[in-house]
Every structure is written in C-alpha cells, then in structure tokens.
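Asks: after the sequence you'll find the predicted model.
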Amino acid sequence: MPELPEVELVARALERALHGQRIASAKLIRAGLAPDNTPQEFARALRGARVCEVGRRGKFIVVRFDGGQVLLTHLRMTGQFKMLRPSQPLPKHTHALFNLDDKSRLAFTDQRHFGLMKIARASELEQTKELRGLAPEPFSDDFTPDYLARVLARTRRMLKSVLLDQTKVTGLGNIYAAEALFLARVNPFVTAAALSRRRVPRLHRAILDVLCEAVSYVRARDVDLENLESNYFSGSGSGWRVYDREGEPCGGCGALVRRVAHAGRSTYFCPRCQRR
DNA sequence: ACCCTCACCTGCACGC
DNA sequence: TGCGTGCAGGTGAGGG
C-alpha cells in the first residue's frame, strides 16, 4: 500500500534493525518473489553478508551488503517486513525469511503476491531494469519546477496519470497524486501539456509539500518494525484532504468531494477547487 | 511511440 | 450465516 513516505519509513526501520548485522541464512520461500534469481542464488548471495546500508530509490528499498551485493525490494501493494519475536511462528503469506547472526528473524510477507525482490551487483544497480529510467528523486536538486514543466509539456496524457508514472515523477501513488493535485488546486483530468505555465510551480510545490508532510510525520515517530501499519501516515490523523472522502465536504470550499474511476482506479477531487 | 486497460493475488466490507 | 460483488495505496504486458 506504500508510496514514497511509507517506503521511506520501512527503509529507515530496516536501517535501524539491520545496520551492521550479518545474515546467517536467507530463504526464498516463494520463488516468484524474486523471478530473476533462483532460490539457490538468493540464499548463496546473502549467506554471511553484512548489511552496510539500507536506503530507498523511488518506491524500491535498497539493502547494500559488504560483499557488493544489493537486495532490491518493491513492496507493491501489500509487501511487509516483519521482525519476528523468538519462537514466533512464520506469519501468513511469508515469502522470504532472513535469519540474522544475533538469532533474530526478519520475515517478508505479501498477501497479494505483487511484491518483488532481486539480488543485483552494486556496480550494476543503476542499470537494472528496475531502477533504470526512474525519474529523479523528488527531494533531489534535479526535481525542479523546470524539470516538471518539461515533462508535462511533452505528453498529452491526463495529469493524474503522468504523476503516477514513475519515469516522470517518482514516489507518488494514487493517494499522494490526488492530494498533491488538490493542494495545487489543479484538475486531475486536464491534459498535462495544457497545464498553464503559472500552475506548474504550484503543482511542483504541492508535490513536495504532501511528501514532506508525510515524511516528517514518519520521521517524528519511533519506527516499529513489528507494528509498521501503526506508523503509516494518513493525513496527520485528520485524514486525507480528498482521498477516500467521496461525498464529504471539501475542507477548502465545502463542495462535495467526488470520486471518478477509470481503468479500475479511483481519483478523488474537489469539483469546485479543482475546476478545469 | 504513445497511451489505456487489464491481469496479477488475497481479503475485506458491503448488500441481499 | 453465507454468498456474490466491488474495491484496495502498484505496475508491466499487451493491444489499439
């Protein structure tokens, strides 16, 4: 279910739990989780490897080991890392298990089987099909209003779907895209190239603001790998501004929030604040 | 080349 | 209580 802020949260929690730890053994329980590696490769690459850093690129979690291997993980909708208590049985839908040197165990569970893992060489990381082509990190110097203007000018797709395209803007998903568009008071169904020059910086600012708000909320809390869900941001407790609020009054103008579905995804927006 | 729709899974909330 | 339907925060393959 995670977008950039939630992935960031998980990466931080893993960094805390794993930094400097050695993997005694790793087991790929459902082979489809890492389709580019055999379970044997998976186990061999990680056995005895020491974690030197856990980070994030887009919505990917990047675990670096001292031997030069990297474990890439995408949580997709329902992937979760869980630290297990001693003698705790494997949770339902456990698809990979990492036994650490200190006897603690880390499970990867994934109810919907959408998540992905991959073992890669650190030197080839940027060229993997997973990371190649990802847009610049929103918080990097490369993600500027000019960059966004150039990306938007080049396409006739609707704005919302461009914001969800990880090769154009990385880190946004269905919730934060809707929230950013609302903050910027921009209509989700407008053609990207048709967005006025004046509004581009506003949208850029809004993207950073919604991500920033969520990440700082996450940062301020004690990250807990055993109860990650409780750390997930959902609009600072007050709830999202428009996401999942169909029929409720918009906090800005009181008009009723609308939900429109295409291709099986919902888009929430305020018909008055976000007029075409 | 671009863009949209759907499939990939399981589970949960809802209405009958 | 039980079943059937629709929905879920992601993305790639496939077709138009």
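Replies: Done, it's in.
Asks: tell me who's in contact with residue A:204.
Replies: A:143-145, A:148 (Cβ atoms under 8 Å, 6 or more residues apart in numbering). C-beta: built from backbone N, CA, C; applies to glycine.
Asks: next, the residue nearest to residue A:80 when sequence neighbours are not counted: secondary structure please.
Replies: Leaving out its chain neighbours, the residue that sits closest to residue A:80 by Cβ to Cβ, 6 or more residues apart in numbering is residue A:109, at 5.1 Å. Secondary structure for residue A:109, judged by DSSP: H, G, I helix; E, B strand; the rest coil, is strand.
Asks: flag every residue of the stretch 151-276 of chain A that's near DNA strand B.
Replies: A:154-158, A:161, A:262-264 (Cβ under 7 Å from any atom of the strand).
Asks: between all of these, which two are separated the most?
Replies: Across those, the two members that end up farthest from each other (Cβ to Cβ) are A:154 and A:264, 26.3 Å apart.
Asks: which of the residues of the stretch 151-276 of chain A next to DNA strand B count as buried?
Replies: Neighbour counting by 16 or more other Cβ atoms under 10 Å classes A:157-158, A:161 among those as buried.
Asks: pick the one among those closest to DNA strand C.
Replies: Of all those, the one sitting nearest DNA strand C is residue A:161; the distance, using Cβ to the nearest atom of the strand, is 9.3 Å.
Asks: which residues are in contact with that closest one?
Replies: Contacts of residue A:161 by Cβ under 8 Å, 6+ apart: none found.
Asks: got a quick PyMOL command for the buried subset of the contacts of residue A:204?
Replies: Buried members of these, defined by 16+ other Cβ under 10 Å, are picked up in PyMOL with:
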select buried, chain A and resi 143+148
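Asks: now, which of the contacts of residue A:204 lie within helices?
Replies: In helices, defined here by DSSP state H, the members of those are A:145, A:148.
Asks: next, format the residues of the stretch 151-276 of chain A next to DNA strand B as TSV and append secondary structure.
Replies: Below are those laid out as TSV (three-state DSSP):
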residue	secondary structure
A:154	coil
A:155	coil
A:156	coil
A:157	coil
A:158	strand
A:161	helix
A:262	strand
A:263	coil
A:264	coil
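Asks: can you pull up the residues of the stretch 1-150 of chain A that come close to DNA strand C?
Replies: Residues of the stretch 1-150 of chain A lying near DNA strand C by Cβ under 7 Å from any atom of the strand: A:1-3, A:6, A:58-59, A:74, A:76-77, A:112, A:114, A:130.
Asks: burial of residue A:205, as a residue count?
Replies: Number of residues near residue A:205 (other Cβ atoms under 10 Å) recorded here: 14.
Asks: and if you look at the one 4 residues further on?
Replies: By other Cβ under 10 Å, the residues close to residue A:209 number 14.
Asks: helix, strand, or coil at it?
Replies: Here residue A:209 is recorded as helix under three-state DSSP.
Asks: may I have the residues that are in contact with it?
Replies: Contacts of residue A:209 were listed using Cβ under 8 Å, 6+ apart, and they are A:180, A:183.
Asks: residue contacts, the one residue in the stretch 101-250 of chain A that gets nearest to DNA strand C?
Replies: Across the stretch 101-250 of chain A, no residue is closer to DNA strand C than residue A:173, which sits at 1.8 Å (Cβ to the nearest atom of the strand). The contact partners of residue A:173, taken as Cβ under 8 Å, 6+ apart, are A:2-4, A:59, A:164.
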